[in-house]
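Student: structure, please.
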Amino acid sequence: MNEKNIHGSVFKKLREERGYKLKDVAGDVISTRTLTRFENDETSLPIATFEELLNNCGLLPLDYLAYYVDITEIEITEFAKRIQSYLESGSSAKVVTECMKELKKSDIKFAERLDVLNFMQLIEWKGSSELFEENKRIIKEKIEGTSKLGWSEINGLINLLNSASSEDYSLEYIDRVIEDCFQNIHLENYLSNLFNEAYCKLLISSLSFLSRNGYYELAEKKCEETIINFNKQSFLINKPKYYTDVIEILAMVYLSQNKEEGIELANKVLKYRNTIAESINNPLYKQKRDISYRKLCEVNKTGIDIEF
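Tutor: Below you'll find the model as predicted:
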């Protein structure tokens with residue numbers, strides 16, 4: 001990524017496109033000379049000052065961030081380019097080989113470790129390798145040592161939980177993760193929904209962990225608490241999707257314990273997924289429906305067929 005601070009030149013481009021004059025934006029916040037130097041990337045500004053300049057342009061910080069990401073070039077490493085081409089061609093073996101090479105580098109960064117973890121999840125690799133296990137351990141330790149998770153850590157933890165066993169995480173830790181999700185799924189401002197999405201996915205992964213590893217009583221309790229929590233979130237984006245995911249997990253918990261109420265829940269979930277899949281005729285949604293059906297059938301101990 002470009003190490004030069006280019007926020008000034010990006011701001012200048014945005015200001016000019018919106019038709020604001022230099023002196024009008026500078027106002028009584030800073031001198032026009034200082035603003036000119038900033039727009040030439042010759043100096044930086046305090047965040048509070050920058051926010052006032054955005055306000056003088058009629059903008060919110062999120063407006064600027066979206067514009068900045070859109071017009072600046074984000075560096076794509078040669079590693080990522082190769083992986084992308086292998087994914088597009090369906091060459092999982094080459095993805096594994098490239099990821100192994102990356103992990104052997106002495107100067108590998110944490111972000112690159114997360115990329116490797118994500119790529120291996122994408123191809124659903126089930127093999128065994130000490131390199132990949134070590135990578136998981138390093139990521140796991142880094143995340144567990146971080147009190148407030150950022151975007152990358154949340155997604156890293158989601159990937160870890162999706163393949164974790166009861167030996168990898170204690171119930172106490174999973175319970176803390178779920179409670180942390182409850183605390184962070186809320187709508188305080190226009191930025192909240194960005195992290196709400198990530199925390200909702202982390203919550204779903206945590207509930208799946210409990211169900212998959214046989215912690216049925218706790219899984220049922222936390223699923224019910226999750227539904228109550230979602231009910232309080234009037235403006236939560238994609239709420240129907242997350243409701244469906246939680247109810248599917250609850251159905252799996254019941255079916256795994258030979259509880260017939262799981263059949264009713266499973267049928268409702270599959271009917272909903274089937275309606276969406278058939279209505280929009282999207283292969284991805286059809287695949288999601290079929291995966292749900294397979295998983296529900298695999299844990300069904302009631303002897304009653306699942307029909308939708």
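Student: residues touching residue 297, list them.
Tutor: Neighbour list for residue 297: residue 306 [criterion: Cβ atoms under 8 Å, 6 or more residues apart in numbering]. All C-beta atoms are positioned from the backbone trio N, CA, C, and that covers glycine.
Student: what helix or strand does it sit in?
Tutor: helix 283-299 (DSSP states H and E).
Student: any idea which element the spatially closest residue to residue 203 that is not a sequence neighbour lies in?
Tutor: Spatial nearest neighbour of residue 203, excluding adjacent residues (Cβ to Cβ, 6 or more residues apart in numbering): residue 181 at 4.0 Å. Assigned by DSSP H and E, residue 181 belongs to helix 171-184.
Student: and residue 93, by the same measure?
Tutor: With DSSP H and E as the test, residue 93 turns up in helix 92-103.
Student: before we move on, what about residue 42?
Tutor: Going by DSSP H and E, residue 42 is not part of any helix or strand.
Student: and it, what's its pLDDT?
Tutor: pLDDT for residue 42: 93.
Student: residue 52 versus that one, what's the distance?
Tutor: 20 Å (Cβ to Cβ, to the nearest Å).
Student: most centrally placed residue in the chain?
Tutor: residue 198 (4.1 Å; Cα atoms, centre = their mean).
Student: got a list of what the residue nearest to that one when sequence neighbours are not counted touches?
Tutor: Once flanking residues are discounted, residue 198 sits nearest to residue 154: 4.5 Å by Cβ to Cβ, 6+ apart. Going by Cβ under 8 Å, 6+ apart, residue 154 touches 195, 198-199, 201-202.
Student: low-scoring stretches of the stretch 51-200 of the chain, by residue?
Tutor: The model of the stretch 51-200 of the chain has pLDDT under 70 over residues 72-76, 187-192.
Student: which stretches in it count as helices?
Tutor: 61-71, 78-89, 92-103, 110-122, 130-144, 151-162, 171-184, 192-212 (DSSP state H, counting those that start in this stretch).
Student: output the first one as PDB, nothing but the C-alphas.
Tutor: These are the backbone C-alpha positions of helix 61-71, laid out as PDB (Å, rounded to 0.1, in the frame of the first residue of the first chain):
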ATOM      1  CA  PRO A  61     -16.600  10.800   8.000                       C
ATOM      2  CA  LEU A  62     -18.200   7.700   6.400                       C
ATOM      3  CA  ASP A  63     -18.800   9.600   3.100                       C
ATOM      4  CA  TYR A  64     -15.100  10.500   3.000                       C
ATOM      5  CA  LEU A  65     -14.000   6.900   3.900                       C
ATOM      6  CA  ALA A  66     -16.100   5.400   1.200                       C
ATOM      7  CA  TYR A  67     -14.800   7.900  -1.400                       C
ATOM      8  CA  TYR A  68     -11.200   7.300  -0.200                       C
ATOM      9  CA  VAL A  69     -11.400   3.600  -0.600                       C
ATOM     10  CA  ASP A  70     -13.100   3.900  -3.900                       C
ATOM     11  CA  ILE A  71     -10.600   6.100  -5.700                       C
END
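Student: for it, packing partners?
Tutor: If you count contacts as 3 or more Cβ pairs under 8 Å, 6 or more residues apart in numbering; DSSP states H and E, helix 61-71 packs onto helix 7-17, helix 47-56.
Student: quick one: the first one to chain centroid distance?
Tutor: Relative to the mean C-alpha coordinate of its chain, helix 7-17 is positioned 30 Å out (Cα atoms, centre = their mean, to the nearest Å).
Student: now the residue of the chain most remote from its centre: how far from residue 39?
Tutor: Using Cα atoms, centre = their mean, the residue of the chain lying farthest from its centre is residue 33. It sits 42.1 Å away. Relative to residue 39, residue 33 is positioned 11 Å away (Cβ to Cβ).
Student: now swap in residue 197 and tell me
Tutor: For residue 197, the distance to residue 39 - Cβ to Cβ - is 34 Å.
Student: same check on residue 151?
Tutor: 29 Å.
Student: between the two, which has more neighbouring residues?
Tutor: residue 39 (20 against 10; other Cβ atoms under 10 Å).
Student: where along the stretch 201-308 of the chain do the helices fall?
Tutor: 216-231, 239-256, 261-280, 283-299.
Student: okay, angle between the second one and helix 261-280 too, please.
Tutor: To tie it back to what came earlier, the one meant is helix 239-256. Here the directions of helix 239-256 and helix 261-280 differ by 140 degrees (axes from the mean of the first three to the mean of the last three Cα atoms, to 10 degrees).
Student: re earlier: who's in contact with the helix holding residue 93?
Tutor: For helix 92-103, the external contacting residues (Cβ under 8 Å, 6+ apart) are 79, 82-83, 86-87, 108, 112-113, 115-116, 119-120, 122-123, 125, 127, 129, 131-132, 134-135.
Student: drop anything exposed from these.
Tutor: Neighbour-count burial (16 or more other Cβ atoms under 10 Å) is assigned, among those, to 79, 82-83, 86, 108, 112-113, 115-116, 119-120, 123, 125, 132, 135.
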